[in-house]
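Asks: Give me coordinates for this.
(4 chains)
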2 protein chains.
Amino acid sequence: MLAIGTLAKRTGTKVQTIRYYEQIGLMPEPGRTEGGQRRYDAAALDRLAFIRHARQLGFSLEAIRELLDLSDTPDRSCAEVDAIAQKQLREVEARLVRLEALRVELQRMIGACTVDRVADCRILEVLRDHEECLADHGTGA
Amino acid sequence: MLAIGTLAKRTGTKVQTIRYYEQIGLMPEPGRTEGGQRRYDAAALDRLAFIRHARQLGFSLEAIRELLDLSDTPDRSCAEVDAIAQKQLREVEARLVRLEALRVELQRMIGACTVDRVADCRILEVLRDHEECLADHGTGA
DNA sequence: CGAAACCCTACAGTCGCTGTAGATTGAGAG
DNA sequence: CTCTCAATCTACAGCGACTGTAGGGTTTCG
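Replies: This is a model prediction of the structure:
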C-alpha cells in the first residue's frame, strides 16, 4: 500500500493534485490508516497513471472522466472512445494551425524592428495597427 | 465619447472584459457621465485595441503591461520591446513543438484502433501504458 | 523516545476572463 | 415631457486545472 507521496512520485503528480482528483470524483476515495492517512493500491496507481498520461496528451478532465467510464464497460463498442480521441486530435490540429499563424506574425513583427528608439519601434506599431496584420488570428491561441 | 458597449463592439471585446482590464489597472479609469456611466475617448480605444491585438498574439497581460509601459517612454531603447517579443516567439515555438508531438501521438493511437470492443481498444491501452508512447510529452501542452 | 519527514483539512490564489442578480441610467419614440 | 427598454452600474461567484499556505496530526527511523 502506497502513501500519497509515493503515489505522487511514481506518477509525476503533486500530492495536492491527487487530493484534487479525489475531490472532483476522478479518483475514488482510498482506504485510510488508523491515523487517517490515505493508502493506495495498484489499481489506484494504474488509474492515476492513465489520468496523467491522458492529461499530457491534452485531454480535459471531463474527457478523461468519459474515457474512464467507457473503459469500465469492456463490452461496449470502441466507437465512443475513438470519437473522443478524434475530437481531441481535431482540437490539437486547430491549435497547431493557429499557433503557426502566430509564430509567423511574431517573426514578421520582430524582423521588421531595426530601429533603436521605442518611438519608432515596428513591434509596437504592428501591435497598434491590426490592419498591418497578415495572420487571421481569431481568439484563443 | 464612446459608451462601454460601443467600445466593446469596436474592439471585439466583452463589456465585462473592459471593466476587468480597468480593475487590474491595464486600462485607465475613464471619465463618467453624471449618472456614473463610463465614457471613453480615442486614446482609450487605441489602448484597448493594442491590448486585444497583443492578446491575440498570445502575450500575457503582464507582458502587455510591460509593452504599454515601454511605449509610454518613447525615448527608451527598443531592445526591451524586442526582448519581450522574442520571448513570446520562443514560447510559441516551444508550444508548437509540443503540440506537434501530441498530434503525432494521437494519430498513432487512433490509427492503431481497429477492433470493436472497448476491452481490446488500443487507444485505452496506449493511455494506460506510457511505455508504449513514442512522444516525449512533458507537461503543459 | 525524539526528531524529521510526511500527511491531514480547509481555504485562498492563479490566469483571463465570463456570468449573474438586482438596481440605475440614457436615448429614442410617441 | 414622459415612457420604455436597452444599456449600464456594482458586487460577487464560477470556470479549468491546479498550486500554495496555515496550522496542525501521524509515521518512520535511528
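Asks: So A:Leu89 sits against B:Gly111, correct?
Replies: No - assessed by Cβ atoms under 8 Å, A:Leu89 is found out of contact with B:Gly111, at 10.4 Å. From N, CA and C alone the C-beta is placed, and that goes for glycine too.
Asks: Any buried residues in stretch A:65-75, and which?
Replies: A:66-68, A:70-71 (16 or more other Cβ atoms under 10 Å in any protein chain shown).
Asks: Please read the previous query as pertaining to stretch A:41-52.
Replies: A:44, A:47-52.
Asks: Which ones, among the residues you listed, also lie beside chain B?
Replies: Among these, proximity to chain B is found for A:49-50 (Cβ under 8 Å from any Cβ of the partner chain).
Asks: Report the two of the buried residues of stretch A:41-52 separated the most.
Replies: Taking Cβ to Cβ as the measure, the buried residues of stretch A:41-52 span a maximum distance of 12.4 Å, between A:Ala44 and A:Arg52.
Asks: what does chain A put close to DNA strand C?
Replies: A:3-6, A:8, A:15-16, A:19, A:36-38 (Cβ under 7 Å from any atom of the strand).
Asks: Do a quick rundown of the helices in chain A.
Replies: Assigned by DSSP state H, the helices in chain A fall at A:4-11, A:15-23, A:42-56, A:61-71, A:79-111, A:122-128.
Asks: For the shortest one, name the packing helices and strands.
Replies: Pointing back at helix A:122-128 there. Packing contacts for helix A:122-128, counted by 3 or more Cβ pairs under 8 Å, 6 or more residues apart in numbering or on different chains; DSSP states H and E, involve helix A:79-111, helix B:42-56, helix B:61-71, helix B:79-111.
Asks: which of the helices of chain A sits most buried?
Replies: helix A:122-128 (a mean of 21; mean count of other Cβ atoms under 10 Å in any protein chain shown).
Asks: Distance check, the residue most central in space within chain A against B:Thr114.
Replies: With distances taken as Cα atoms, centre = their mean, the residue of chain A nearest its centroid is A:Gly58 (3.8 Å). For A:Gly58, the distance to B:Thr114 equals 23 Å [Cβ to Cβ, to the nearest Å].
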